[in-house]
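Chemist: sequence and predicted structure below; questions after.
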Number of protein chains: 2
Amino acid sequence: MPRLNKILQPKSIAIIGASRKEGSLGKMFMEAVLRMNFKGEIYPVNPKADVIDGIKTYPSVSELPQKPDLAVILLSYQFVLPTVEALGKSGIRDIIVISAGFKEVGGEGLEREKELIKLGKTYDLNILGPNCMGIFNTREDISFNGTFSPTLPQPGHAAFISQSGALGVAVLELYAQSDLGFSVFVSTGNKADISDTDALEFLTDDANTQVVTLYMESIDQPTAFKEICRKTVAKKPVLAVKAGRTDSGHKAASSHTGALANPEHIVDGFLKQCGVIRIDTLEEMFDAARALALQPLPSGPRTAVITNAGGPGILASDAIERAGLQLAVFSASTIEKLTAVLPAEAAKTNPVDMIASANEETYKNALKIILQDEGVDSVLLIIVKPPVNSTPASIISGLKPLLQNTTKTVIPVLMANRDDTFGIDVLKRLKLPVFPYPESAVKTLAVMQRYKQIREQLRSEENSAPQKFYDSLPLNSAPGSNQADIKTIFDLFEQYEIPTAPYRVSTRLEDILQFQKESAGSVVLKTANAQIIHKSDEGLLQLNLNDAAAVSEAFQSIASKVQSLLPAGETPLFLVQRQLPKGAELVLGGKRDEQFGPVVMAGFGGIMVEVLKDVIFRIAPLSPAEALEMLNELKAQAFFNGFRGQPAVSREKFAETISRFSRLLHDHPEISEMDLNPLIWNEEAGAAVVVDARATVKL
Amino acid sequence: MPRLNKILQPKSIAIIGASRKEGSLGKMFMEAVLRMNFKGEIYPVNPKADVIDGIKTYPSVSELPQKPDLAVILLSYQFVLPTVEALGKSGIRDIIVISAGFKEVGGEGLEREKELIKLGKTYDLNILGPNCMGIFNTREDISFNGTFSPTLPQPGHAAFISQSGALGVAVLELYAQSDLGFSVFVSTGNKADISDTDALEFLTDDANTQVVTLYMESIDQPTAFKEICRKTVAKKPVLAVKAGRTDSGHKAASSHTGALANPEHIVDGFLKQCGVIRIDTLEEMFDAARALALQPLPSGPRTAVITNAGGPGILASDAIERAGLQLAVFSASTIEKLTAVLPAEAAKTNPVDMIASANEETYKNALKIILQDEGVDSVLLIIVKPPVNSTPASIISGLKPLLQNTTKTVIPVLMANRDDTFGIDVLKRLKLPVFPYPESAVKTLAVMQRYKQIREQLRSEENSAPQKFYDSLPLNSAPGSNQADIKTIFDLFEQYEIPTAPYRVSTRLEDILQFQKESAGSVVLKTANAQIIHKSDEGLLQLNLNDAAAVSEAFQSIASKVQSLLPAGETPLFLVQRQLPKGAELVLGGKRDEQFGPVVMAGFGGIMVEVLKDVIFRIAPLSPAEALEMLNELKAQAFFNGFRGQPAVSREKFAETISRFSRLLHDHPEISEMDLNPLIWNEEAGAAVVVDARATVKL
């Protein structure tokens, strides 16, 4: 059962610290609860009062007439721990701690928070907070406003989970008179016990919530977060604004809630793997939430634009293409029908410019025809307030039968003064999210379309990673080094079917000569002693060796150089490889992040990684489909198609290798860092082949 | 005198086609004029009425009691030309043609528009339109609403020039109840005569206008537009949304007003050269206009954030860094003073989080201290509606003395319901543009800062290009080719002081041997016959020639290959060059665009241009400062700093070469296309040195 089940759906609440004192938290909280007509029992607790706001008040928790579902603590920090203990003892398990003075103030507060967590474990409690702004649930049979907010939330189907309590209030304020209605709000505060993850668990099955919005300053338990997100996202969209994106933001966030700085390059990929749609700004997030809560998902990217003014239609067209959507191409029959109902001066292709004379009839006729076109997935309905003969309200009203009988997405853009003719009420009745500008409406459509794709992809994927993909032995470091030796690394590659260039490792010249003899063509010889990392810099790698003489000479030269770099008594070890024909250079890397675990990096080698940092990160393990999506984010797409006569590189094949490598990292926690650099695309093998690799293992 | 002087400031107007008929354009127009209390004389013209709206009406233009400053034509298209002719004959020179049915309908309409233009020339008229929505001017002594708009514009200091008339109406509607006030609106319509350029000319000296906003679907006279823009921008900011950015937008725009598609890669650089700030969306443009019309420009990028809620402060910090602004670093004294007035839990560094208990006093104290810090250029003042004890309105009121005594930029972000406590009136009185979200406020601050930089740069630059920079002979093509021969090209480079590798051009082996002998080190030999373009593909370029034997052999080999490619009777021509040491490869290109004239392209060679298209475009001629800004836009900035041990490339030196090349293009209209590819950065010369070049000249 979700841990927030009772906190978000209490039938009875104890308000500990309820008060009659003007301006006190205790009074504000009581009033907020009463203002929204909480449907359950209220037990104010205050030793100094008998009645607060007309409700019988109890001197202490132990004297309550029954055990409430939820206790809310509004006391000063020094009284919080004893109260929690008393609650625990009396068997009350669900608690919201509004009080501040914990981790966020450091020092003693930190200790206080640790004690709170300990109490929670001792009594098996569910604690939300401390230092939080509370929660609300607008569901009719609950109607619980536990946030102090003097402005009541509009009931609706968007949930908001916020690491900043004040932001919850701010959002309520900003949308008080809009078409964004909320189901649930959770202020997670210091996340001492209950976190985003628990909130998502509740919301996944909350029938009243159709879209989840998140404001995060940190991601605290990545693995659990990802697991629950993917369950939520299979049912409803999750949108997130993650603050602390820049260095300046990082610093501000850590001084706010003591949030750990999450490395930005990891966060972005991680949220994608969670199925979460990361949004740049709060405004764009709530814009998208409005539409997702009201309108059906588009069944594809093909967007029609209907307008009574040319300019906004053009801006919409630009926005559609830039957002990765498509301007729908109408069928001949659609154009014919439009021609029959629109004036001669109107544009009958997409965007449909019906010119300024358009009225209710014109909009109705055009929308009807366009909704029937099978090549149209969604419609952007632009209305500039007609100078005469009609109003936005009457145009929208006229569309009622059409809108009620379509499963296509329709988003209105009303460029009009919000006066009586605007039609707020009819828009609400018809569940139309309204936008003032075509650009923001299109951004929202793109988020809807993105969610559709994510959900489809999620459904086609297996959901969680096995304990281990392969049963392989841990990598060991070579003696006196934290580096694994190349032979063990290459053996591991073989086990995970990661292609490598044919090779042999040996200390003996005769083995190497034998390998050269067997290989038709050139070979590469290099040192394989794990202690030596920078091979090419020191002449310890030699290319283009065609015959026995060349191999012998290279062997001697490398051996003498290496000997001086090795600890006494150690023998030079060699790796000889078949030299591959020229091909695109790729890189793969892995690093174990403290918070996120094994992180995989992939990209093209050379300039692309070194100068342009054109590499993408994801958390291991990755499915081939996830790896493919990762590759699609690289800037250097042209390399995949074959550049300057080089053979094309198969994205799918490379994605397969990335997925295998990610499993290797997942299975081998002893690897703290690993580089496959370079891999060379090999036509013959139809794969990116590892030419060199190194791994740092935990000593 | 600006051509729009009378049209925008008429003392008397004739309304030709004024009407009493409900729903007619003639009635709507009359009513719009009357509703705003036009300060001059009104002469309705209509043969079928004596009085309209209580005003004496005249049967024809010739019977007016005096010659009006302006005539507005609202007639059906077939009556427009005779009316314009009658106006011309009677000496009325300033005309707005609202009527549609011209270029935008094609066919006969196109002819009609040509006739209109001809009449304009014959009678020396100033014609705005046709197919336009009119104009307004809110200046108190004019108060002329010539737009049909039933919603009256709020007087203010932002001007809007729009190629889409309906968009003007839409914008009036959207900002009817906001803090954006307008000075002037001009709907340019088909731009048959008067264009954006004329509107800018008027606005440059219009004391009532503090910021100009532009909606453009096409740029029609780039040279004139640039010239006037730079004059306007020296006095006030010009912001533009240019539609038709994508292919879809292009198509929509050309079917709307028959606008020519401007190549997007050119438009972006061109607008920068004009000093125009291009904005992505209408909303962002008008956001920035609101702030620019009300607040002083920041004197730098250092931004302080004051907030009563942590989350929005963090989002503001992220936004500041991403927008290229800086979070101000407070002095020790500021932090000390803040510590004295703020509660212990508050953050005293930037962003200053005063926590939820902050009231009027707290805001006043903090703002006072921060405005005194010399390290602060602007302040973002975030107020989440306090749950108790205070309101946004009272907080803002309390800041009045501080705000009236500062020259620093202050932008409030009010995350609050727009009810009575919001303080709309006090915000207006204090000239504060208000934003609902920190992110949009920061975007606006960034535009303000950008304008400040542009204005400073403009002031430091000479304004217009001379007829010719150098007195050089035109380039000729080689016989039977449209390519200039390499010798003439290199001679031109010498004249413009564009560095080239030491070279000689000759048909004779002995000259080439002589050159090799004089050059210490290797030389490069290649064909110099203008007809042969792809040298390296066909073995017609040989590198690393160290001695006479190698040179002779290369000479023979190239000669025999070239001979077969040349017209009979032509002799193989050679270019021998000193081979430069390895260095970064750069490219420079020029192409004559039909609308914009000579366009310069610059970037790094190889992958950067071929795969990543990392090149920047500008219109010639360019000052070195403009060229430097161009280089700063390249993604591959790391190359300038020296990559993989290559010497660093001086941006300033390359910018100097770009500027010289742009002058060459400017001076030589016969060059339709020119490539300098590659240039190699040469440490010794301290310059990017041209290694190869070709030029296509008009035959």
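Modeler: Yep, it's here. In this text the structure is predicted, and so the values were computed from the model without any measurement.

Chemist: quick one, what contacts residue A:388?
Modeler: B:23, B:28, B:150 (CB atoms under 8 Å, 6 or more residues apart in numbering or on different chains). In this view, the C-beta of every residue, glycine as well, is placed from N, C-alpha and C.

Chemist: who touches the helix or strand hosting residue A:514?
Modeler: Secondary structure from DSSP states H and E places residue A:514 in helix A:509-518. Defining contact as CB under 8 Å, 6+ apart, one finds that helix A:509-518 is touched by A:503-504, A:506, A:523, A:525, A:545, A:547-548, A:551-552, A:555, A:574, A:576.

Chemist: from those, which land in strands?
Modeler: A:503-504, A:506, A:523, A:525, A:545, A:574, A:576 (DSSP state E).

Chemist: which residues of the stretch 501-650 of chain A lie near chain B?
Modeler: Contact residues (CB under 8 Å from any CB of the partner chain) of the stretch 501-650 of chain A with chain B: A:607-608, A:610-612, A:635-636, A:638-639, A:643-644.

Chemist: between which two of those residues is the distance greatest?
Modeler: A:610 and A:644 (18.7 Å; CB to CB).

Chemist: please enumerate the strands of the stretch 501-650 of chain A.
Modeler: In the stretch 501-650 of chain A, the strands defined using DSSP state E, counting those that start in this stretch lie at A:503-506, A:523-527, A:541-545, A:574-578, A:585-593, A:597-604, A:615-619.

Chemist: near chain B, which residues of the stretch 201-350 of chain A?
Modeler: Proximity of the stretch 201-350 of chain A to chain B (CB under 8 Å from any CB) is limited to residues A:215, A:217, A:241, A:243-249, A:251-253, A:255-257, A:280-283, A:308-315, A:317-322, A:327, A:345, A:347, A:349.

Chemist: go again using 7 Å as the cut-off
Modeler: Counting by CB under 7 Å from any CB of the partner chain, the residues of the stretch 201-350 of chain A close to chain B are A:215, A:217, A:243-249, A:252-253, A:255-256, A:281-283, A:309-315, A:317-318, A:320-322, A:327, A:345, A:347.

Chemist: now, those that are in helices?
Modeler: Taking DSSP state H as the definition of helices, those contribute A:247-249, A:252-253, A:255-256, A:282-283, A:310-315, A:317-318, A:320-322.

Chemist: how distant is stretch A:220-234 from the center of its chain?
Modeler: In this view, stretch A:220-234 has its centroid 9 Å away from the chain centroid, taken as CA atoms, centre = their mean, to the nearest Å.

Chemist: how close does the residue of the stretch 201-350 of chain A found nearest chain B get to residue A:127?
Modeler: Chain B sits closest to residue A:311 of the stretch 201-350 of chain A, with a gap of 2.7 Å, by CB to the nearest CB. Residue A:311 sits 55 Å away from residue A:127, going by CB to CB, to the nearest Å.

Chemist: which of those two has more residues huddled nearby?
Modeler: Neighbours were counted for residue A:311 and for residue A:127 using other CB atoms under 10 Å in any protein chain shown; residue A:311 has more, 32 against 25.

Chemist: my read: the more buried one touches residue B:164, true?
Modeler: Yes. Judged on CB atoms under 7 Å, residue A:311 makes contact with residue B:164 at a distance of 2.7 Å.

Chemist: overlap in contacts of the two?
Modeler: Contact criterion CB atoms under 7 Å, 6 or more residues apart in numbering or on different chains; residues shared by residue A:311 and residue B:164: residue B:215.

Chemist: what about residue A:422, neighbour count?
Modeler: Neighbours around residue A:422, by other CB under 10 Å: 20.

Chemist: so who does it touch?
Modeler: Residue A:422 makes contact with A:392-393, A:414, A:416, according to CB under 7 Å, 6+ apart.

Chemist: recalculate using a threshold of 6 Å.
Modeler: Contacts of residue A:422 were listed using CB atoms under 6 Å, 6 or more residues apart in numbering or on different chains, and they are A:392, A:416.

Chemist: tell me the SS of it?
Modeler: coil (DSSP: H, G, I helix; E, B strand; the rest coil).

Chemist: re the thing from before, give me the buried subset of the ones in helices among the residues of the stretch 201-350 of chain A next to chain B.
Modeler: Buried subset of these (neighbour count, 16 or more other CB atoms under 10 Å in any protein chain shown): A:248-249, A:252-253, A:255-256, A:282-283, A:310-315, A:317-318, A:320-322.

Chemist: related to what we said a few turns ago, gap between the residue of the stretch 201-350 of chain A closest to chain B and residue B:165?
Modeler: As judged by CB to CB, residue A:311 and residue B:165 stand 8 Å apart.

Chemist: likewise for residue A:370?
Modeler: Here residue A:370 is placed at a distance of 25 Å from residue B:165 (CB to CB).

Chemist: higher neighbour count, those two?
Modeler: The neighbour count for residue A:370 versus residue B:165, taken as other CB under 10 Å, is higher for residue B:165 (28 against 25).

Chemist: thought the more buried one was touching residue B:131?
Modeler: No. Look at residue B:165 against residue B:131 with CB atoms under 6 Å: they stay out of range, at 7.9 Å.

Chemist: what's the domain layout of chain A?
Modeler: Here the domain parsing of chain A from automatic domain parsing is A:5-291, A:297-459, A:502-578, A:585-697.

Chemist: output those domains as TSV; include the columns mean pLDDT.
Modeler: Below are these laid out as TSV (pLDDT from 0 to 100):
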stretch	mean pLDDT
domain A:5-291	93
domain A:297-459	94
domain A:502-578	87
domain A:585-697	92
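
Chemist: run the chain-centre distance for stretch A:661-671.
Modeler: 23 Å.

Chemist: so which residues make contact with that stretch?
Modeler: With CB under 6 Å, 6+ apart as the criterion, stretch A:661-671 contacts A:468-469, A:474-475, A:496, A:498, A:588, A:590, A:598, A:600, A:620-622, A:695, A:697-698.

Chemist: element containing the residue positioned nearest the centre of chain A, please.
Modeler: Here the mean C-alpha position of chain A is nearest to the C-alpha of residue A:271 (CA atoms, centre = their mean), at a distance of 2.4 Å. Applying DSSP H and E as the criterion places residue A:271 in helix A:264-274.

Chemist: and residue A:139, by the same measure?
Modeler: Secondary structure assignment for residue A:139, by DSSP H and E: no helix or strand.

Chemist: can you tell me the SS state at the nearest residue to it once chain neighbours are set aside?
Modeler: In space, residue A:139 comes closest to residue A:208 once its chain neighbours are excluded; the distance is 5.0 Å by CB to CB, 6 or more residues apart in numbering or on different chains. Classification of residue A:208 by three-state DSSP places it in coil.

Chemist: I'd guessed residue A:208 sits against residue A:182; true?
Modeler: No. Under the criterion of CB under 6 Å, residue A:208 is not in contact with residue A:182, lying 9.9 Å apart.

Chemist: more neighbours: which of these two?
Modeler: Per other CB under 10 Å, whichever of residue A:208 and residue A:182 has more neighbours is residue A:182, with 25 against 17.

Chemist: counting neighbours, what do you get for the closest residue to that one other than its chain neighbours?
Modeler: Using CB to CB, 6+ apart and skipping residues adjacent in sequence, the residue nearest residue A:182 is residue A:153, 4.6 Å away. If you count neighbours by other CB under 10 Å, residue A:153 ends up with 25.
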